[in-house]
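In: Here is my input; please provide its structure:
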Amino acid sequence: MFNFRIKFQLPKSYHFENTLNTIDVLRNDTRCITLSAVGANSLNESEKYILEGKNFESEDLVYINGQNARASLLLWGTKQGIGITFLKPRGAVFQSFIDLIRNKYGVRLINEREGLNIYDDSAPTSFVTILADVRCGISTDVFINTFRGIFQNNMILTEKQNLALELYNASYSEQNDRARFLTLVTAIESLIEVPSWSKQAETHINELIKLTKTFELNEKEELTDALVRLKKDSITNSGKVLVKKYLQDNKYDNKASDEFFKFCYDIRSQLLHTGKCEQEIDLSHLVGELKRMTSDLLLKHVGIV
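Out: Numbers count the residues shown, from 1 in each chain. Next up, the predicted model:
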């Protein structure tokens, strides 16, 4: 049989009002979906939970039901107006340790993934999740020296720079790689100044706009808006010019800065238009490189080297 599990968290100050540790959400003669508390004796004492479905006959069937459960959780959070977060593990155990436990105790360890996890129950199974809060010490001397060095520059930021910096810092609060990735791309996008076309090209586009307005078309307004947008250079090209100007020969993920921006912006468009990437990529790694590029760009843009 195949099972699924989804670990998620409610916002702080929210909890389920139930004194049991585990309750049935759905159950029939063979299958069940349960809700359990994590790290607490009861649901009302916890902020983290596991939604688990058991006894599905095939991997395809458990996948369909698991995706349905994941979607249902997201929609429930939206309907309640509180939102939920799929917990992202902060680490994993090595395969050598997993093999050791299996060989010695006959127990299969699985590194928990963010969101939906699917497994078969052919062997005793335990999930490994590293979710301990890590506190990193920051030297107050380093803080004071760095802050003073920046403060002495009498920083006056533009509205676009302010927004970009706020978005970059907000990305650290995102627990989902896709949300973090989109926030970082938006931070760069907010700095872009899109130039106009040449005078000749702009005149041609204006003529097309006038001509389109004379047609009797249901899509006339949409076509006109599209032509107006043509008067501006593309975001992708303008973004490439921006990062090349400030980051020059820097490389990110073994790509030139402008090509890396284009790559990320293409991924951003795929995520927003289809909800997924067309190619297989390691989004966690991409987020790390994009974070590094965004930081470099912001500091150069405001004049902090």
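
In: Okay, helices next: where are they in this structure?
Out: With DSSP state H, the ranges of helices along the chain come out as 59-80, 95-105, 140-151, 159-170, 177-189, 199-214, 220-230, 235-247, 257-274, 283-302.

In: looking at the ones you listed, which has the lowest confidence?
Out: Lowest mean pLDDT within the helices of the chain: helix 95-105, at a mean of 65.

In: For Asp120, which of the helices of the chain is the nearest?
Out: Between Asp120 and the helices of the chain, the tightest spacing by CB to CB is seen for helix 59-80, at 7.5 Å. Using the backbone N, CA and C atoms, a C-beta is placed for each residue, glycine as well.

In: buried stuff in the closest one?
Out: Residues Val62, Asn65, Gly66, Ala69, Arg70, Leu73, Gly77 are the ones in helix 59-80 that count as buried (16 or more other CB atoms under 10 Å).

In: Using TSV, lay out those residues together with distance to Phe151.
Out: Listed next are the buried residues of helix 59-80 as TSV, based on distance: CB to CB, whole Å:
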residue	distance to Phe151
Val62	56
Asn65	56
Gly66	51
Ala69	50
Arg70	46
Leu73	45
Gly77	41
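
In: out of those residues, who's nearest Gly288?
Out: Checking those against Gly288 by CB to CB gives Arg70 as the nearest, at 25.1 Å.

In: and Ala187, what does it touch?
Out: Leu163, Ala164, Leu165, Leu167, Tyr168, Ser171, Thr294, Leu298 (CB atoms under 8 Å, 6 or more residues apart in numbering).

In: Could you do Glu174 as well?
Out: Going by CB under 8 Å, 6+ apart, the list of residues near Glu174 reads Arg180, Thr183.

In: Quick check: it vs Thr214, distance?
Out: Taking CB to CB, to the nearest Å as the measure, Glu174 falls 47 Å from Thr214.

In: follow-up on the earlier one: JSON lines for the helices of the chain, including distance to Leu20?
Out: As requested, these are exported to JSON lines (distance: least, CB to CB, whole Å):
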{"stretch": "helix 59-80", "distance to Leu20": "19"}
{"stretch": "helix 95-105", "distance to Leu20": "30"}
{"stretch": "helix 140-151", "distance to Leu20": "46"}
{"stretch": "helix 159-170", "distance to Leu20": "37"}
{"stretch": "helix 177-189", "distance to Leu20": "32"}
{"stretch": "helix 199-214", "distance to Leu20": "64"}
{"stretch": "helix 220-230", "distance to Leu20": "54"}
{"stretch": "helix 235-247", "distance to Leu20": "52"}
{"stretch": "helix 257-274", "distance to Leu20": "38"}
{"stretch": "helix 283-302", "distance to Leu20": "35"}
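
In: Between those, which one is closest to Gly39.
Out: Across these, Gly39 has its closest neighbour in helix 59-80 (18.8 Å, CB to CB).

In: Name the residues that touch the closest one?
Out: With CB under 8 Å, 6+ apart as the criterion, helix 59-80 contacts 2-4, 6, 8, 33, 51, 53, 56, 83-84, 86, 115-116, 118, 120.

In: Spell out which residues make up each domain of the chain.
Out: Following automatic domain parsing, the chain resolves into domains at 2-128, 140-193+233-302, 199-230.

In: related to what we said a few turns ago, can you redo the contacts of Ala187 as a markdown table with distance to Glu193 and neighbour count?
Out: Below are those laid out as a markdown table (distance: CB to CB, whole Å; neighbours: other CB atoms under 10 Å):
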| residue | distance to Glu193 | neighbour count |
| --- | --- | --- |
| Leu163 | 13 | 15 |
| Ala164 | 12 | 24 |
| Leu165 | 17 | 19 |
| Leu167 | 17 | 21 |
| Tyr168 | 18 | 20 |
| Ser171 | 22 | 21 |
| Thr294 | 17 | 26 |
| Leu298 | 15 | 20 |
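
In: Return the member of those residues nearest to Leu26.
Out: Ser171 (36.1 Å).

In: For that closest one, which non-adjacent residue is closest in space?
Out: Of all residues not flanking Ser171 in the chain, Thr183 sits nearest, at 4.3 Å (CB to CB, 6 or more residues apart in numbering).
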